[in-house]
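Student: I need the structure of the sequence given here:
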Amino acid sequence: MQFPGKFLRIGATALAVSGALFAAAPVLAQAPAFPTQPVKIVVPFPPGGTTDILARQLATELQGRWGQPVVVENRPGASGTIFSEQLARMPADGTTLMLTATHHVINPALYKSIKYDTRKDFTPIALVASVPNVLVVHPSFPAKTTKEFIAHAKANPGKVSFGSTGTGGANHLSGELFKSMAGIDMVHIPYKGAAPALNDLLGGQIPVMFDSIPGVLQHIQSGKLRPVGVTSAKRSQALPDVPTIDESGLKGFEATAWFGLYAPGGMQPQLREKIAGDVVQALQSPAIRSQYAKLGAESGSMNQAEFAKFVDSELNKWAKVIDDAKVKVE
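Tutor: Alright, predicted model coming up:
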């Protein structure tokens with residue numbers, strides 16, 4: 001009668017093991033309850049700009065999904081660095097997030113005195129949207145293609161100027177990247193904002209500019225400006241007949257304006273994946289895709305790991321561009 005005893009002992013052990021595994025399974029698989037209170041998305045720029053508009057549209061979509069208020073708050077200052085420093089010191093509980101632009105990966109190389117580590121002090125959540133720039137010229141400029149542009153600039157070193165919205169901005173650095181990769185010498189003329197730069201481009205006071213497609217689309221359509229090439233890796237839906245600079249001969253060139261969502265650093269992996277997953281689902285909703293497309297923007301689809309890797313690569317890319325161009329901010 002030893003057999004039943006052994007069977008019982010083996011059975012009891014198996015039950016104990018399976019019970020332990022069963023008890024542990026929910027802990028490993030269950031997503032954290034989030035949010036349990038209102039969520040704030042901070043935009044470190046003034047109201048009314050592209051970053052602000054994207055944030056408010058995303059907040060509306062997330063509020064419907066989360067069943068909690070999602071409030072957008074503007075805290076502008078110093079190209080986004082003032083609030084970034086504040087976010088770096090906040091608890092990583094997901095109640096405060098930041099939606100910012102390409103400045104976030106440009107600033108570390110541009111401003112040597114910032115008091116945070118962009119790689120360590122933030123948790124990348126999601127690529128919210130990307131907006132390609134376009135290389136546009138005044139109609140009087142002789143070049144019509146990227147190859148013609150580069151040939152003209154090489155034949156006239158230091159005589160071709162390009163305008164930007166200000167030193168260190170995304171459209172300025174697009175021009176610097178283009179100069180470096182094409183091996184040409186162009187003169188940068190910084191303006192205090194997009195409006196004065198665009199006005200001088202339209203008036204022929206400057207011949208060349210890199211700008212966002214939404215900012216110059218109406219002038220391209222009216223014939224007041226001529227597009228040479230878009231800066232994204234693939235053609236823009238807004239300008240399907242305009243080739244990319246990459247396909248036109250400058251292989252590997254890509255310089256898009258993009259917008260990312262971040263949390264403070266050190267966020268628990270389960271919470272990070274929960275928020276990132278919800279945000280990506282929201283970004284792929286028909287409502288968001290349609291709203292963003294009207295702005296000339298493409299909603300993001302990267303998962304959290306892909307976005308973190310992308311942020312790291314962008315930090316490296318723009319640091320090299322700034323160093324090579326010896327860009328300095330007063």
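Student: okay, CA-based contacts and neighbour counts for the rest of this
Tutor: Noted.
Student: where along the stretch 1-150 of the chain do the strands fall?
Tutor: Secondary structure of the stretch 1-150 of the chain by DSSP state E, counting those that start in this stretch: the strands cover 39-43, 70-74, 96-100, 122-137.
Student: Check what contacts the third one and list those residues.
Tutor: Defining contact as C-alpha atoms under 8 Å, 6 or more residues apart in numbering, one finds that strand 96-100 is touched by 39-45, 51, 55, 80, 84, 87, 259-264.
Student: Generate a markdown table for the strands of the stretch 1-150 of the chain, with mean pLDDT and distance to Ala194 as supplementary columns.
Tutor: Putting the strands of the stretch 1-150 of the chain into a markdown table (pLDDT from 0 to 100; distance: least, C-alpha to C-alpha, whole Å) gives the following:
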| stretch | mean pLDDT | distance to Ala194 |
| --- | --- | --- |
| strand 39-43 | 98 | 19 |
| strand 70-74 | 97 | 20 |
| strand 96-100 | 98 | 18 |
| strand 122-137 | 96 | 13 |
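Student: which one of those strands lies closest to Tyr191?
Tutor: When these are compared by C-alpha to C-alpha, strand 122-137 sits nearest Tyr191, at 16.4 Å.
Student: what's around the nearest residue to Ser299 once chain neighbours are set aside, how many residues?
Tutor: Using C-alpha to C-alpha, 6 or more residues apart in numbering and skipping residues adjacent in sequence, the residue nearest Ser299 is Ala129, 4.3 Å away. By other C-alpha atoms under 10 Å, 23 other residues sit near Ala129.
Student: before we move on, what about Leu202?
Tutor: 18.
Student: what pLDDT does it get?
Tutor: Per-residue pLDDT puts Leu202 at 97.
Student: Now it. Its backbone dihedrals?
Tutor: phi -60, psi -30 (degrees, to the nearest 10).
Student: Would you enumerate the residues in contact with it?
Tutor: When contacts are counted by C-alpha under 8 Å, 6+ apart, Leu202 touches His138, Lys224, Leu225.
Student: with these in mind, which one is nearest to Glu61?
Tutor: Distance to Glu61 across these (C-alpha to C-alpha) is lowest for Leu225, with 36.1 Å.
Student: got the contact list for that closest one?
Tutor: Residues in contact with Leu225 (C-alpha under 8 Å, 6+ apart) are Val136, Val137, His138, Pro139, Leu202, Val216, His219.
Student: so which of those residues comes closest to Val208?
Tutor: Looking across the contacts of Leu225 and measuring by C-alpha to C-alpha, the closest to Val208 is Val137, at 4.5 Å.
Student: Find the nearest non-adjacent residue to the closest one, please.
Tutor: Val137's closest residue in space is Val208 (C-alpha to C-alpha, 6+ apart), at 4.5 Å.
Student: Can you give me the buried ones in the helix or strand hosting Asn316?
Tutor: Per DSSP states H and E, Asn316 falls inside helix 304-325. Neighbour counts using 16 or more other C-alpha atoms under 10 Å place Gln304, Phe307, Ala308, Val311, Glu314, Leu315, Trp318, Ala319, Val321, Ile322 of helix 304-325 among the buried residues.
Student: Return the backbone torsion pair for Val242.
Tutor: Main-chain torsions, Val242, degrees, to the nearest 10: phi -100, psi 120.
Student: The closest residue to Ala325 other than its chain neighbours in helix, strand or coil?
Tutor: Nearest residue to Ala325 in three dimensions, chain neighbours excluded: Glu176, at 6.5 Å (C-alpha to C-alpha, 6+ apart). Of the three states, Glu176 takes helix under DSSP: H, G, I helix; E, B strand; the rest coil.
Student: shouldn't Glu176 be in contact with Lys326?
Tutor: No - taking C-alpha atoms under 8 Å as the definition, Glu176 is not a contact partner of Lys326, at 9.9 Å.
Student: burial of Gln57, as a residue count?
Tutor: Gln57: 16 neighbours (other C-alpha under 10 Å).
Student: gap between the residue lying closest to it once chain neighbours are set aside and Pro47?
Tutor: The shortest distance from Gln57 to any non-neighbouring residue, by C-alpha to C-alpha, 6+ apart, is to Ile288 (7.0 Å). With distances taken as C-alpha to C-alpha, to the nearest Å, Ile288 is found 19 Å from Pro47.
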